[in-house]
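**Student:** sharing a model prediction with you, sequence too.
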Amino acid sequence: QQQVKQSPQSLIVQKGGISIINCAYENTAFDYFPWYQQFPGKGPALLIAIRPDVSEKKEGRFTISFNKSAKQFSLHIMDSQPGDSATYFCAAKASNFGNEKLTFGTGTRLTIIP
Amino acid sequence: GAGVSQSPSNKVTEKGKDVELRCDPISGHTALYWYRQSLGQGLEFLIYFQGNSAPDKSGLPSDRFSAERTGGSVSTLTIQRTQQEDSAVYLCASSPQLAEQFFGPGTRLTVL
């Protein structure tokens, strides 16, 4: 059972455009939603994260939008740059009983073209 | 400071052989996680160690997989009698309690 569904699988955006990646979850116990960025040959690195008490969080060019009622959250990359080309994973965690394991989406390969 | 390190970076083995993958977490991090990343898939949780508590082994796919964490620091993931479907990148992460997980670069395992 896939608890976090991510789309699209791949995305091509022109430099300067907006990249949007979407995720949907099923487990209402999830209370922490991070996005990870992964470059080839490297481990994932935390990009930005949100908790369900807010609907939006912005850090520089990266914004998470969160819709609790729809159980959806998305990553927006403004003014996309070639250096943003990477694989992006959404994830979710239910911090009950001290269990910190993350449930990941299947990833989106983002390519920014000049 | 030093991040999470994993060794080896690449491992090629023959079907049926046992393999050991090592993870050195960031010093002082109490929590350590193993995940598996298969081609075209997201990261799949395998096992989680937190301090001196019993590990959460709920993600281990079969009894051929085991892991230990010695002295609350270094961890070893062991796969016995490897199968071709075990081929994947095995990622280790560590974190202070209830905080961001920092990932290592992974070990790419290929089972021939």
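**Tutor:** Yep, that arrived.
**Student:** going forward, measure contacts between C-alpha atoms and count neighbours the same way
**Tutor:** Will do.
**Student:** what lies in contact with stretch B:77-89?
**Tutor:** B:14-22, B:36-39, B:64-68, B:106-112 (C-alpha atoms under 8 Å, 6 or more residues apart in numbering or on different chains).
**Student:** dump the residue contacts of residue 21.
**Tutor:** Picking chain A for this. By C-alpha under 8 Å, 6+ apart, the neighbours of A:Ile21 are A:6-8, A:74-76, A:108.
**Student:** that's the other chain; I wanted chain B
**Tutor:** B:6-8, B:76-78, B:107.
**Student:** buried subset of these as a PyMOL selection?
**Tutor:** With 16 or more other C-alpha atoms under 10 Å in any protein chain shown as the criterion, this PyMOL line picks the buried residues out of the contacts of B:Leu21:
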select buried, chain B and resi 6+7+76+77+78+107
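**Student:** among the contacts of B:Leu21, which are in helices?
**Tutor:** The members of the contacts of B:Leu21 all map outside helices under DSSP state H.
**Student:** three-state assignment of the residue of chain A found nearest chain B?
**Tutor:** Closest residue of chain A to chain B, C-alpha to the nearest C-alpha: A:Thr106 (3.8 Å). Of the three states, A:Thr106 takes coil under DSSP: H, G, I helix; E, B strand; the rest coil.
**Student:** hmm, back to that, which of the contacts of B:Leu21 lies closest to chain A?
**Tutor:** B:Thr107 (9.6 Å).
**Student:** so the closest one sits right up against B:Val19, yeah?
**Tutor:** No - counting by C-alpha atoms under 8 Å, B:Thr107 stays clear of B:Val19, with 11.3 Å between them.
**Student:** how far away is the residue of chain B found nearest chain A from A:Pro44?
**Tutor:** Closest to chain A within chain B is B:Gly42: 3.8 Å, counting by C-alpha to the nearest C-alpha. Counting by C-alpha to C-alpha, to the nearest Å, the gap from B:Gly42 to A:Pro44 is 11 Å.
**Student:** what residues does chain B put near chain A?
**Tutor:** When proximity is defined by C-alpha under 8 Å from any C-alpha of the partner chain, chain B lies next to chain A at B:33, B:40-45, B:48, B:91, B:98, B:100-106.
**Student:** buried ones only from those residues, please, as a ChimeraX command.
**Tutor:** To isolate the buried members of the residues of chain B next to chain A in ChimeraX, using 16+ other C-alpha under 10 Å:
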select /B:33,42,43,44,45,48,91,101,102,103,104,105,106
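**Student:** what stretches of the chain score poorly on pLDDT?
**Tutor:** You didn't pick a chain, so chain A it is. Residue ranges of chain A with pLDDT under 70: A:1-2, A:96-99.
**Student:** chain B was what I was after
**Tutor:** B:1, B:40, B:98.
**Student:** which residues touch the residue most central in space within it?
**Tutor:** Nearest to the geometric centre of chain B sits B:Trp34, at 3.5 Å (C-alpha atoms, centre = their mean). With contact taken as C-alpha under 8 Å, 6+ apart, B:Trp34 is in contact with B:45-48, B:90-93.
**Student:** partners of it in the sheet?
**Tutor:** B:Ile47, B:Cys92 (DSSP bridges).
**Student:** again, but for A:Thr108
**Tutor:** The partner residues for A:Thr108, given DSSP bridges, come to A:Tyr88.
**Student:** count of neighbours near it?
**Tutor:** 23 (other C-alpha atoms under 10 Å in any protein chain shown).
**Student:** next one: B:Cys92
**Tutor:** Neighbour number of B:Cys92 under other C-alpha under 10 Å is 32.
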